[in-house]
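**Student:** Here you go, sequence then predicted model.
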Amino acid sequence: MNLLTVHKRLERNSGLLIFGILVVASIGGLVQIVPSIFQDSLRIPAENVEVYSPVELVGRDLYIRESCASCHSQQVRPLLAEVRRYGPYSRADEFVYDRPFLWGSKRTGPDLHRLGGKYSDAWHRVHLLNPRDVVPQSIMPGYPWLAARAADPRGTIQARLRTLVRLGHPYSDEDIDTAPQQLEGLTELDALVAYLQSLGLSRPMEATP
Amino acid sequence: MTSNYQDRVVSAFTAAAIVWALLGMTAGVYVAAELVWPDLGFEQPWLSYGRLRTLHTNGVIFGFGASALIGTAFYSVQRTSHVRLFAPKLAWLVFFGWQLTVLIGGISLLAGVNASKEYAELEWPFDIAIAVLWISFGIVFFGTIARRKIAPIYVSNWFYGALIIVIAMLHVVNSLALPATLTKSYSLFPGAQDAIVQWWYGHNAVGFLLTGGFLGMLYYFLPKQAGRPIWSYRLSIVAFWAFVYSYIWAGPHHLHYNAVPEWVQSLGMVMSLVLLAPSWATMINGIMTISGAWRKLQSDPALKFIVLALAFYGLATFEGPMMAIRSVNVLSHFTDWTIGHVHSGALGWNALITYGTFYYLVPKLAGRPLASIALANLHFWFALAGTMLYVLAMWGAGVSQGMLWLSLDELGEVQYSFTEVMAAMRPYYILRLVAGLLFLTGTVLMAINLRRTFQGQRTVEVAPPPPAPGLAAQSAT
C-alpha cells in the first residue's frame, strides 16, 4: 500500500480528513507552547518586579485603548545599538504582570520599555496633548481628550483588580478597597503618565551588560 | 424543496466583501495620510491613528477577506460535491451574523474597545460571536461535503477545510481571557507566554486564512478559468500536508531577539525556511496549470489578475522565509519592511486573487457577461502599479530604518537619533499614500463594473449536474 492509496481513504472520508488536519496542525503549537507554560523564567517575576498600582493599571488600559502598541514597541533587543539607545535589554521575567503583552511589532515611534524616568511628568503631559509642542518633527497624533476625562468614570477599577487577582496577581484586599480613592480626581492623562513613568524600572540602568 | 445550488448567499457575501474592501482600504489610505499629516485626526478620538489603523486591518481581513472566503467556499463546495448547500438557513445566519459582528466590532474599535492582540483586537463578546459563527460556517461546509454525490473530496475543499478547522483552534486558544467588564478582559496568558500564543495565532491567521483559505480559492477558480485540470494531483497532496504541518511552527519568527526562549526562536526560523518548499510547490502547480492557456490572458481580465496574484504569492512566500532568518530579521524587525511584506501578500496575493475570482464569479451569478472588459483591464494596471509602488516604498523605508537605527559611530554610540530617522521617512510615506490611492481607485473601478454587471439581475438558478461516471459516491462519508 503506497501513500497515494492511503490518501485515497483520507480524501473520500470527510471525518478522517477533519481529524487528519486537526492532528497535523496541532503538533507545532503543542511543542512550542506547552513547555513555555511551565518554564519558570516566563512565569515567575524578577525580584524587583511589582504589580501595577491601580493608577498605573488604568493608564496601561488607556495605552491599550488608544492602540499605542501599533507604533511603539516595548521590547529592547539584546543588541549593542538598542541597549545604547534605549537601555538594558528586555527580559521575560519583567513581563509577568503584563496581560496582554504589549511588545508590539512596529516602531513608527521609539521603543518605550525603558521610558520610565527619562522625561519629567510635565514633558509627558505636554507631549501627549500635542507632541509637536516638544518634538517639532514628531508624526504622533495629539490626544487632547485625555486631559478632559476622569481616569475611571464608570468605577470599574475594583472589578479589574479582582479579575487580575483571579489570574494570580498579588493585590491585597486593602489595595482593592483603596483603589477608587487613589483614582479620585485624576484624569486619564494623569493615569497614562503614571503608567509611562513606571515602564521598565524593574532593571536599574547600571545593569547594562 | 428545490435542489438547485444555493447561490444567493454567495452573491450576498460577494457584495459584502466588496463593500468591506472599499471601507477597509479607505481607512488604510486615511491612516497612511495621517503619517504624512499627523493633524488629520482633527482631535477626534475615533479618527486617531491607533484606532483607525485597527479598523483598517480588521476591516480588510475579517470584512473583505473572510467574506470573500466564506462566499467562494459556499460556491465551490456545492459544485465540487454536486449538491445544494447543507442547512441553507444556517448559511444565511452566518452571513448576517458575520456582517453584523464586523460592523459592530468595527465601531467598538473606533470607540476604543481593544484587546491589543494583533489581528485579534476585538473584545471577548465579539470573540464568542466569531467562534459561534465560524463553527456554523464549518457545519454548513462539512455538512455539504458529507452529502456529496462525488466520491473524492476535491483539493480546494481540503484547503477551505483546513481554514475552518485551524482558524477555529487558533481563535479559541488565543482569545482565552477573563472578562472584567463587558468591554474589558485580561488575557489568560501572562507576558512572554502571551507573546508566544499570540504569534502562534497571528502568524497562522496569515497562514490558514490569508494563505490556505485563498489557496482553496486558487485550486477551484484557477482550473475553471484556465479551462484545464490542476497540473499535478500528487504535488497538491504533498504540498497540502507539508503546508498544514509546517506553517504552525513558524510563529516565533515574529519574536526574534525578543524575551522568549532561544530554542523557540530557532525552531520558528528553521520551520519558516522549510515552509518555502510547500509554498512554492503550490505556486509551481498553479503556474503549470495555466501554462498552455497563456493565450487566454489576452481576452480574459479575470485570469490576468489570478496569474499576477500567483506571482506575488511566490514573491511574498520567498520574502517571508528570508525575513525569518535571524540575521535578516535583526534589520527588518520593527521596520516598515514588515508592512511592505504584509502588503505584497495582502494586496498582491489576497486582493488580486479575489478580484480575479470576482470578475469570473459575478458574471456567472448574474447570468450575463461582465459590463466592461476595458474597465477591468484598467483596474489591472491600477492594482499592479499600486502594489508595486507600495512594496518598493516600504522596502526603501524599512531598509533605511533598519540600517540607520543599528549604525554606531566610532565611539560605539548610536549615530542617528530616532527623530532624525523618523523624519527622513516622509518621502516614503508620501509614496505609500499614493500607492494606496492607486490601489483603492482600482478597487472602486471594480465595484462600479461589478455593480453594473449585476444591476437588475437576480442570482441565476443552477441545478447540480449528474456526477461523472466513475466518480459517483456510493455512500459518501
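**Tutor:** Received it, and whenever you're ready, just let me know what you need.

**Student:** Only C-alpha atoms from now on, for both contacts and neighbour counts.
**Tutor:** OK.

**Student:** element containing B:Gly161, please.
**Tutor:** Secondary structure from DSSP states H and E places B:Gly161 in helix B:155-174.

**Student:** do that helix and chain A meet?
**Tutor:** Yes - using Cα under 8 Å from any Cα of the partner chain, helix B:155-174 reaches chain A at B:Trp158, B:Gly161, B:Ala162, B:Ile165, B:Val166.

**Student:** Tell me which helix or strand in chain B has the weakest average pLDDT.
**Tutor:** In chain B, no helix or strand scores lower on mean pLDDT, DSSP states H and E than helix B:296-299, which sits at a mean of 87.

**Student:** Pick out the residue in chain A sitting closest to chain B.
**Tutor:** Nearest to chain B in chain A, going by Cα to the nearest Cα, is A:Lys106, at a distance of 3.9 Å.

**Student:** pretty sure that residue is touching B:Gly398, no?
**Tutor:** No - contact criterion Cα atoms under 8 Å: A:Lys106 and B:Gly398 do not qualify, at 10.5 Å.

**Student:** returning to that earlier point: going through the residues of helix B:155-174 next to chain A, which ones are buried?
**Tutor:** Buried residues within the residues of helix B:155-174 next to chain A, counting neighbours by 16 or more other Cα atoms under 10 Å in any protein chain shown: B:Trp158, B:Gly161, B:Ala162, B:Ile165, B:Val166.

**Student:** In this structure the first one contacts B:Gly216, no?
**Tutor:** Meaning B:Trp158. Yes - assessed by Cα under 8 Å, B:Trp158 is found in contact with B:Gly216 at 7.4 Å.

**Student:** thinking again about what came up before, please report the distance of the residue lying closest to the residue of chain A closest to chain B once chain neighbours are set aside from A:Ser70.
**Tutor:** Distances taken as Cα to Cα, 6 or more residues apart in numbering or on different chains place B:Phe334 nearest to A:Lys106, at 3.9 Å, with adjacent residues excluded. Computed as Cα to Cα, to the nearest Å, the B:Phe334 to A:Ser70 distance reads 10 Å.

**Student:** residues shared between the contacts of the two?
**Tutor:** Contact with both B:Phe334 and A:Ser70 is made by residues A:Ser105, A:Lys106, according to Cα atoms under 8 Å, 6 or more residues apart in numbering or on different chains.

**Student:** Tell me where the model's unsure across chain A.
**Tutor:** Within chain A, the ranges that satisfy pLDDT under 70 run A:1, A:203-209.

**Student:** which helix is the longest one in the chain?
**Tutor:** If you meant another chain, say so; for now it's chain A. Assignment by DSSP state H gives helix A:14-38 as the longest helix of chain A.

**Student:** You answered for a different chain; I wanted chain B.
**Tutor:** helix B:373-406.

**Student:** quick one: the helices in the stretch 1-150 of chain B?
**Tutor:** Secondary structure of the stretch 1-150 of chain B by DSSP state H, counting those that start in this stretch: the helices cover B:8-36, B:49-58, B:66-81, B:88-110, B:124-146.

**Student:** from the stretch 201-350 of chain B, which residue is nearest to chain A?
**Tutor:** B:Phe334 (3.9 Å).

**Student:** pLDDT score for that residue?
**Tutor:** We have a pLDDT of 97 for B:Phe334.

**Student:** repeat for B:Met1
**Tutor:** pLDDT for B:Met1: 59.

**Student:** repeat for B:Pro465
**Tutor:** 90.

**Student:** give me the number of residues near it?
**Tutor:** 10 (other Cα atoms under 10 Å in any protein chain shown).

**Student:** which residues does it contact?
**Tutor:** B:His82.

**Student:** which SS class is it?
**Tutor:** With DSSP: H, G, I helix; E, B strand; the rest coil as the basis, B:Pro465 sits in coil.

**Student:** Could you report the distance from it to B:Ile150?
**Tutor:** From B:Pro465 to B:Ile150 the distance is 11 Å (Cα to Cα).

**Student:** Give the intersection of the neighbour lists for those two.
**Tutor:** B:His82.

**Student:** which residues sit in contact with A:Ile18?
**Tutor:** Listed by Cα under 8 Å, 6+ apart, the contact set of A:Ile18 reads B:Gly161, B:Ala162, B:Ile165.

**Student:** who's in contact with the closest residue to B:Ala27 other than its chain neighbours?
**Tutor:** Spatial nearest neighbour of B:Ala27, chain neighbours left out: B:His56 (5.2 Å); criterion: Cα to Cα, 6+ apart. B:His56 makes contacts with B:Gly24, B:Met25, B:Thr26, B:Ala27, B:Gly28, as judged by Cα under 8 Å, 6+ apart.

**Student:** can you tell me how far B:His56 sits from B:Glu123?
**Tutor:** Using Cα to Cα, we find B:His56 at a distance of 16 Å from B:Glu123.

**Student:** ok, now B:Leu176?
**Tutor:** B:Leu176 is 11 Å from B:Glu123, where distance means Cα to Cα.

**Student:** These two: who's more crowded?
**Tutor:** B:Glu123 (24 against 15).

**Student:** and the nearest residue to the more buried one once chain neighbours are set aside, how many residues sit next to it?
**Tutor:** Counting by Cα to Cα, 6+ apart, B:Glu123 lies nearest to B:Ala115, which is 5.5 Å off, once chain neighbours are set aside. Using other Cα under 10 Å, B:Ala115 is surrounded by 26 other residues.

**Student:** Settle this for me: B:Ala115 is touching B:Ser185, isn't it.
**Tutor:** Yes - contact between B:Ala115 and B:Ser185 holds when scored by Cα under 8 Å: they sit 7.4 Å apart.

**Student:** Common neighbours of these two, please.
**Tutor:** B:Glu123.

**Student:** which ones are touching the closest residue to B:Leu55 other than its chain neighbours?
**Tutor:** In this structure, B:Leu55 finds its nearest non-sequential neighbour in B:Gly106, 5.7 Å apart by Cα to Cα, 6+ apart. By Cα under 8 Å, 6+ apart, the residues touching B:Gly106 are B:Leu55, B:Asn58, B:Gly59.

**Student:** ok, so of the residues you listed, who is nearest chain A?
**Tutor:** B:Leu55 (11.0 Å).

**Student:** The closest one - how many residues pack around it?
**Tutor:** Neighbour tally, B:Leu55, other Cα under 10 Å: 27.

**Student:** isn't it right next to B:Leu109, touching?
**Tutor:** Yes - using Cα under 8 Å, B:Leu55 makes contact with B:Leu109 at a distance of 6.3 Å.
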